[in-house]
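In: let's see this in three dimensions:
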Amino acid sequence: MFKSGISSFARAARPAVLPRRALRPSSLRLPISSRWASTASVGTGKIHQVIGAVVDVKFDTQKLPAILNSLETENNGQKLVLEVSQHLGENVVRCIAMDGTEGLVRGASAQDTGAPITIPVGPATLGRIMNVTGDPIDERGPIKTDKRLPIHTEAPEFVEQSTSAEVLVTGIKVVDLLAPYARGGKIGLFGGAGVGKTVFI
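Out: Numbering: from 1, shown residues only. Have a look, this model is predicted:
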């Protein structure tokens with residue numbers, strides 16, 4: 001009886017272990033197709049404070065943009081994208097600027113887009129260079145693709161990943177023969193200074 005009492009006490013005192021999926025925010029437990037659906041824009045706010053790359057925006061309503069939503073404002077005639085990172089209270093949200101804030105003044109309007117920052121994805125992006133907001137910076141014109149995904153996405157579950165092993169052909173015969181790379185894996189290149197790591201890459 002004493003042993004049974006100890007066992008029942010241990011079961012009661014043991015913290016509940018939740019599955020890893022249950023510990024995530026509800027928005028991340030949705031299917032990937034609907035996980036980052038656009039939300040209704042809450043309107044326009046005004047720049048309240050600028051501290052380097054940190055920009056506070058104040059709204060007239062208590063309904064504030066969601067965390068990771070992007071706001072758009074104008075700075076020196078150029079579009080400036082802000083990402084919401086914190087709700088400070090008193091209808092103020094703290095944002096991180098995706099570009100320089102020199103010249104940004106208090107009272108300037110900032111429009112909520114109702115969605116996170118997205119970038120182009122797909123075969124059209126291969127070989128292209130873009131910034132964090134998805135704008136091409138390689139002077140090769142716009143990226144011709146209609147598919148975009150948020151910059152903040154969750155890694156796929158292990159069961160969602162391909163389990164078939166496939167060799168990534170590099171075209172370098174000594175690598176493909178002696179130390180072939182697995183497609184989708186991680187590759188480390190170690191060596192001393194001046195031995196040719198950069199040339200090899």
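
In: please tell me how far the residue nearest in space to the middle of the chain sits from residue 104.
Out: Taking CA atoms, centre = their mean, the centroid of the chain lies closest to residue 152, which sits 2.0 Å from it. Distance from residue 152 to residue 104, counting by CB to CB, to the nearest Å: 24 Å. All C-beta spots, glycine's among them, are computed from the backbone N, C-alpha and C.

In: is it true that the residue nearest to the centre of the chain touches residue 116?
Out: Yes. Residue 152 is within contact range of residue 116, at 6.0 Å (criterion: CB atoms under 8 Å).

In: hey, what's in contact with both of these two?
Out: Counting by CB atoms under 8 Å, 6 or more residues apart in numbering, the shared contacts of residue 152 and residue 116 are residue 68.

In: in this protein, where is pLDDT below threshold?
Out: For the chain, the stretches flagged by pLDDT under 70 are 1-40.

In: one more time with 90, if that's ok
Out: Applying pLDDT under 90 to the chain flags the ranges 1-43, 61-63, 76, 126-127, 146, 153-176, 178-191, 196-201.

In: where along it do the helices fall?
Out: Using DSSP state H, the helices of the chain run over residues 2-13, 32-35, 173-178, 197-200.

In: residues making contact with the last one?
Out: Judged by CB under 8 Å, 6+ apart, the contacts made with helix 197-200 from elsewhere in the structure are 189, 191.

In: please save the CA atoms from it in PDB.
Out: Output of helix 197-200 as PDB, limited to C-alpha atoms (Å, rounded to 0.1, in the frame of the first residue of the first chain):
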ATOM      1  CA  LYS A 197      39.100  26.800 -49.600                       C
ATOM      2  CA  THR A 198      37.800  29.800 -51.400                       C
ATOM      3  CA  VAL A 199      39.100  28.700 -54.700                       C
ATOM      4  CA  PHE A 200      37.600  25.300 -54.200                       C
END
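
In: any idea how far residue 172 is from residue 200?
Out: 8 Å.

In: swap that for residue 147, sorry
Out: Relative to residue 172, and taking CB to CB, residue 147 is found at 32 Å.
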